[in-house]
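Undergrad: model this:
(one chain, ligands or ions: 1)
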Amino acid sequence: MPVRVYIPTPYRQYTAKNAHVEAEAASVGDLLRALADRFPGLGERILGADGKLPGHLNVYVNQVEARSLQAEATPLAAGDEVALIPAMAGGGEGGPGDAAAHAANGAAPRRPILTRDQLERYSRHIRLDEVGLMGQRKLLDSRVLIIGAGALGSGAAVYLAAAGVGTIGIVDGDRVDVSNLHRQILHFTHDVGRPKVQSARRHLEDINPEVRVQAHPQWLTSDNAMRIIADYDLVVNGSDNFPTRYLVNDACVLLGKPLVDASILKWEGQATVFLPGRGCYRCLFPAPPPPGSVPSCAEGGIIGALAGHMSTLQAIEAVKVLLGVGDPLSGRLVLFDALAGEYQQLRWKRNPECPICGDHPTIHGLIDYEGFCGVPGPSGEDGHGDTAEAAGAFGLSPREAYERAQRGALLVDVREPGEYGRVRIPGAELVPVGSLVRAREQMDRDQEMIFVCRIGERSALAVELLRREGFAKVYNLEGGLVGWLNERLPVEEVEEVTGR
Ligand SMILES: [Zn+2]
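TA: I've put the predicted structure just below:
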């Protein structure tokens, strides 16, 4: 039985790009000679002139540095894990530093990849092929910014700090309120009244004293976002409002930073990842919903543990992106219906027409996001055209939808009850988009259905979801209720809306 040897990136050119090789050897010295024989070019890098361990190389046997054992005489047994780690990565390859290290042979000062404490703390990470010593080093050198120390930010921060992400920035201008505690696990009862970034920093440092927590006790704005985000490798979005979501998205696109996104409401969670060049939040949701149409967690309620669930998903995705392993949730939106215990995945694509990450962007700097979200473009503008594309061939003009409804098609309104309560199309049934995953069980697949929302965004998402589920007779009302009203088609006004 051979031993398994980890080959670091700078040496992989000699091992046909293999990250791991296996070899038969009775000791570390044996192993180095066997590798030198087998891989020309590698020998001069891993063997000193005298056949001893060269000063620039650390050899780890089952995570313990060989010099602290019996150096090149350290015995190896079948199944042992060996890692070759050049101590001066990047600086010594073939240069004068390399020669100096050779000459010093063992006496040269070495900065180990990980300290003994780190080897112990992160041992379960290091055992993973996808992490290993170098991966853990990468995490320790990484900088992650978390937007909001609230429900999502709490869970993500706890796991990223525990994982050894070296620098964690937290932006939040809020103070801890007792009503936060049922889901914001970074804050404890005795923190009530304290700035959230302060209590976050204290608890994260308790979890892992090695982590540097940078507190930004302020709200993210168009004035500070570029400066703050530029300092980090990756952003985790835990914001709870649409202006901040669009702001964070745009700043990340402009700065080329990966963004790990999630949102939660009631029993429903969403998560996805935006990687530079592969689509953004605006590709997925071209326009914000009308103000007040989607309740906040304060209004709509939220099941506390759902925040934990979605935020740890964010932490996992962040670690994957930082390490460059696995398939990040880029181009996929995960929907979790906690009440039904069901997951869905929607595919989404970068939109070449996207105003910020598309082929001909029209947004080149940060804008006024309160204004953008307070005054959503009704029809014919930015959001609307993208929706029609998202719904593909399944969009209907208001006139056609009206005629089909006359012939028996069912109208399904996916807005929230408050919106539906004010004005609606006569006969339209209310199924808020958040409860669609559950409601679809009761839907008749042979019934022709036309989905309606205010401007045709949420309903396009509903149609896409159901088409994926095999519903062949579902359509989207293009332009939504706004388009319907523009055509002067009949509506039912339930309450008097004042001020209009
Ligand atoms: Zn985009």
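
Undergrad: close enough to count as contact, Ala287 and Arg454?
TA: No - with contacts counted by Cβ atoms under 8 Å, Ala287 stays clear of Arg454, the gap being 10.2 Å. Where C-beta positions appear, they are placed from N, C-alpha and C, glycine not excepted.

Undergrad: And the ion, is stretch 238-256 touching that?
TA: No - shown here: stretch 238-256 not in contact with the ion (Cβ under 5 Å from the ion), separated by at least 6.7 Å.

Undergrad: what's the model's confidence in that stretch, averaged?
TA: Averaged across stretch 238-256, pLDDT comes to 94.

Undergrad: and the closest residue to Ala151 other than its chain neighbours, how many neighbours?
TA: Once flanking residues are discounted, Ala151 sits nearest to Ala307: 3.5 Å by Cβ to Cβ, 6 or more residues apart in numbering. As a burial measure, Ala307 scores 26 neighbours (other Cβ atoms under 10 Å).

Undergrad: What parts of the chain come near the ion?
TA: Proximity of the chain to the ion, by Cβ under 5 Å from the ion, involves residues Cys280, Arg282, Cys283, Cys354, Cys357.

Undergrad: Closest to Val325 out of those?
TA: Distance to Val325, by Cβ to Cβ, is smallest for Cys280 among these, at 22.5 Å.

Undergrad: wait, that closest one sits on Leu254?
TA: No - contact between Cys280 and Leu254 fails when scored by Cβ under 8 Å: they sit 10.3 Å apart.

Undergrad: follow-up on the earlier one: can I get the residues of the chain next to the ion in a markdown table with pLDDT?
TA: Shown next, in a markdown table, are these (pLDDT from 0 to 100):
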| residue | pLDDT |
| --- | --- |
| Cys280 | 96 |
| Arg282 | 93 |
| Cys283 | 92 |
| Cys354 | 94 |
| Cys357 | 96 |
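
Undergrad: Where does pLDDT dip in this structure?
TA: 1, 86-111, 291-299, 375-393, 495-500 (pLDDT under 70).

Undergrad: which ones are touching the residue positioned nearest the centre of it?
TA: Geometric centre of the chain, nearest residue: Val260, 2.2 Å, by Cα atoms, centre = their mean. Contacts for Val260 were tallied using Cβ atoms under 8 Å, 6 or more residues apart in numbering; they are Ala156, Leu234, Val235, Val236, Asn237, Ala271, Val273, Phe274, Gln314, Glu317, Ala318, Val321.

Undergrad: Point me to the helix or strand that includes it.
TA: Here Val260 is covered by strand 259-265, with elements defined by DSSP states H and E.

Undergrad: circling back: please list only the buried members of the residues of the chain next to the ion.
TA: Among the residues of the chain next to the ion, the ones that count as buried by 16 or more other Cβ atoms under 10 Å are Cys280, Arg282, Cys283, Cys354, Cys357.

Undergrad: From those residues, which land in helices?
TA: Arg282, Cys283 (DSSP state H).

Undergrad: now, which of the residues of the chain next to the ion sits nearest Asn476?
TA: Cys283 (17.8 Å).

Undergrad: residues touching the closest one, list them.
TA: The contact partners of Cys283, taken as Cβ under 8 Å, 6+ apart, are Trp348, Lys349, Arg350, Asn351, Cys354, Cys357, Gly358.

Undergrad: rewinding a little: and for Cys280 and Leu254, which residues touch both?
TA: Common neighbours of Cys280 and Leu254 (Cβ under 8 Å, 6+ apart) are Ile356.

Undergrad: Can you give the domain ranges for this protein?
TA: Using automatic domain parsing, the domain parsing of the chain gives 3-112, 137-347, 377-493.

Undergrad: Check the offset of the last one from the chain's centre.
TA: Read that as domain 377-493. Centroid separation for domain 377-493 versus its chain: 30 Å, with Cα atoms, centre = their mean, to the nearest Å.

Undergrad: The shortest one too?
TA: Here the centre of domain 3-112 is set off from its chain's centre by 36 Å, with Cα atoms, centre = their mean.

Undergrad: Ok, the longest one next?
TA: For domain 137-347, the gap between its own C-alpha mean and the chain's C-alpha mean amounts to 8 Å (Cα atoms, centre = their mean).

Undergrad: before we move on, the earlier item: was I right about the residue nearest to Ala151 contacting Leu181?
TA: No - between Ala307 and Leu181 there is no contact under Cβ under 8 Å: 11.7 Å.

Undergrad: can you pull out the strands in the stretch 251-400 of the chain?
TA: For the stretch 251-400 of the chain, applying DSSP state E, counting those that start in this stretch gives strands covering 259-265, 268-274, 332-337, 342-347, 395-396.

Undergrad: In a markdown table, list the ones you listed along with distance to Leu410.
TA: Formatted as a markdown table, those follow (distance: least, Cβ to Cβ, whole Å):
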| stretch | distance to Leu410 |
| --- | --- |
| strand 259-265 | 26 |
| strand 268-274 | 23 |
| strand 332-337 | 22 |
| strand 342-347 | 22 |
| strand 395-396 | 13 |
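
Undergrad: Could you point out which of these sits nearest Ile229?
TA: strand 259-265 (9.4 Å).

Undergrad: now the angle from that closest one to strand 332-337?
TA: 20 degrees (axes from the mean of the first three to the mean of the last three Cα atoms, to 10 degrees).

Undergrad: neighbouring strands for strand 259-265, and are they parallel or not?
TA: If you go by DSSP bridges, strand 259-265 pairs up with strand 234-237 (parallel), strand 268-274 (antiparallel).

Undergrad: and among those, the most buried is which?
TA: Compared across the strands paired with strand 259-265, strand 234-237 shows the largest average neighbour count, a mean of 26 (mean count of other Cβ atoms under 10 Å).

Undergrad: Minimum distance to Val463: which of the strands paired with strand 259-265 has it?
TA: The nearest among the strands paired with strand 259-265, by Cβ to Cβ, is strand 268-274 at 17.2 Å.

Undergrad: Take the strands paired with strand 259-265 and lay them out in CSV including distance to Tyr6.
TA: Formatted as CSV, these follow (distance: least, Cβ to Cβ, whole Å):
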stretch, distance to Tyr6
strand 234-237, 25
strand 268-274, 28
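
Undergrad: got the CA positions of stretch 317-336 in PDB?
TA: Below are the C-alpha coordinates for stretch 317-336, written out as PDB (Å, rounded to 0.1, in the frame of the first residue of the first chain):
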ATOM      1  CA  GLU A 317     -21.000  29.000  -1.100                       C
ATOM      2  CA  ALA A 318     -18.500  31.700   0.100                       C
ATOM      3  CA  VAL A 319     -16.000  29.000   1.100                       C
ATOM      4  CA  LYS A 320     -16.400  27.300  -2.200                       C
ATOM      5  CA  VAL A 321     -15.900  30.500  -4.200                       C
ATOM      6  CA  LEU A 322     -12.800  31.500  -2.000                       C
ATOM      7  CA  LEU A 323     -11.300  28.000  -2.500                       C
ATOM      8  CA  GLY A 324     -12.300  27.700  -6.200                       C
ATOM      9  CA  VAL A 325     -13.900  24.300  -5.600                       C
ATOM     10  CA  GLY A 326     -17.200  22.700  -6.500                       C
ATOM     11  CA  ASP A 327     -20.000  24.200  -8.500                       C
ATOM     12  CA  PRO A 328     -21.100  27.500  -6.900                       C
ATOM     13  CA  LEU A 329     -24.800  28.300  -7.200                       C
ATOM     14  CA  SER A 330     -24.000  30.700 -10.000                       C
ATOM     15  CA  GLY A 331     -26.900  30.700 -12.500                       C
ATOM     16  CA  ARG A 332     -29.100  28.800 -10.100                       C
ATOM     17  CA  LEU A 333     -31.600  30.200  -7.700                       C
ATOM     18  CA  VAL A 334     -32.400  27.800  -4.800                       C
ATOM     19  CA  LEU A 335     -35.900  28.200  -3.300                       C
ATOM     20  CA  PHE A 336     -36.600  26.600   0.000                       C
END
